[in-house]
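>>> Sharing a model that was predicted from the sequence below.
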Amino acid sequence: MNRKYAEKICLQIFDALDAMYEAEMAIAGLAKQERTRFHQSVQEVIGDLEDKLLLPICEQYPDLLPPTEEQRPRILCSELTWSEVNLPSSVTEDQLDEVIMSLLTSRWRKVLWFVTIAEERYKELSWAVSHEATAARLKVLSDMDRIEGIGDMRYWGNSEVRLKD
């Protein structure tokens, strides 16, 4: 399978998993008998999506896996604005934008995923740029119409970004 199809399938699997997690939360509100009856079925579907679909694809393309709990930032939102950001003296705004643009694709990605991936790249470059600064810059780039952003960019799990088509 080529990477293009792997990415497309993974995105659909992630959407399906999100839907199953929401179903799981809804099931938690049912009466005990119904909760017991449906919970196991949802767990089986989640297991099959992960074990039979996602993992075989990600064995071939490990970078398509979402960040692990250890890799994710501890905070999931930020009120920091770009005007409040102080970049390290060795990093210019243009350099930061260049890295951000190089990591974006035409596919929608959660801001939470993006700030995690960006931090890995900053480490490779020996840059000390925070998740919050990256998210603030994404908001500016979206407001400037240089990238596409949807959702409230302050809440990283509820907003997404991509390159403009």
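Alright, I've got the coordinates. Residues are numbered from 1 along each chain as shown.
>>> drop to CA atoms for contacts and neighbour counts, all remaining ones
Noted.
>>> residues near residue 34, how many?
Residues lying near residue 34 (other Cα atoms under 10 Å) number 12.
>>> who's in contact with it?
For residue 34, the contact set (Cα atoms under 8 Å, 6 or more residues apart in numbering) comprises residue 27.
>>> do residue 101 as well
Applying Cα under 8 Å, 6+ apart, we find residue 101 in contact with residue 163.
>>> Kindly recompute the last result at 6 Å.
With contact set as Cα atoms under 6 Å, 6 or more residues apart in numbering, residue 101 has no partners.
>>> Regarding it, what is its secondary structure?
Under DSSP: H, G, I helix; E, B strand; the rest coil, the three-state class of residue 101 is helix.
>>> And the pLDDT at it?
Confidence at residue 101, expressed as pLDDT, is 97.
>>> Please tell me how far it sits from residue 42.
Residue 101 is 38 Å from residue 42, where distance means Cα to Cα, to the nearest Å.
>>> now do residue 99
Taking Cα to Cα, one finds residue 99 at 39 Å from residue 42.
>>> ditto for residue 159
Taken as Cα to Cα, the span from residue 159 to residue 42 is 26 Å.
>>> so the residue nearest in space to the middle of the chain is in which element?
When the chain is reduced to its mean C-alpha position, the nearest residue by Cα atoms, centre = their mean turns out to be residue 113, at 2.4 Å. Using DSSP states H and E, residue 113 sits in helix 111-124.
>>> Identify each buried residue in that helix, please.
For helix 111-124, a neighbour-count test (16 or more other Cα atoms under 10 Å) marks 111-119 as buried.
>>> Equivalent analysis for stretch 2-19, please.
In terms of neighbour count (16+ other Cα under 10 Å), stretch 2-19 has its buried residues at 6-7, 10-11, 13-14, 17.
>>> Which of these fall within helices?
When DSSP state H defines the helices, the subset of these inside them is 6-7, 10-11, 13-14, 17.
>>> can you redo those residues as a markdown table with distance to residue 55 and pLDDT?
Formatted as a markdown table, those follow (distance: Cα to Cα, whole Å; pLDDT from 0 to 100):
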| residue | distance to residue 55 | pLDDT |
| --- | --- | --- |
| 6 | 11 | 90 |
| 7 | 13 | 87 |
| 10 | 10 | 87 |
| 11 | 13 | 84 |
| 13 | 11 | 88 |
| 14 | 12 | 83 |
| 17 | 13 | 82 |
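>>> Make CSV from the residues you listed and add distance to residue 49 to it.
Formatted as CSV, these follow (distance: Cα to Cα, whole Å):
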residue, distance to residue 49
6, 14
7, 15
10, 10
11, 12
13, 7
14, 9
17, 7
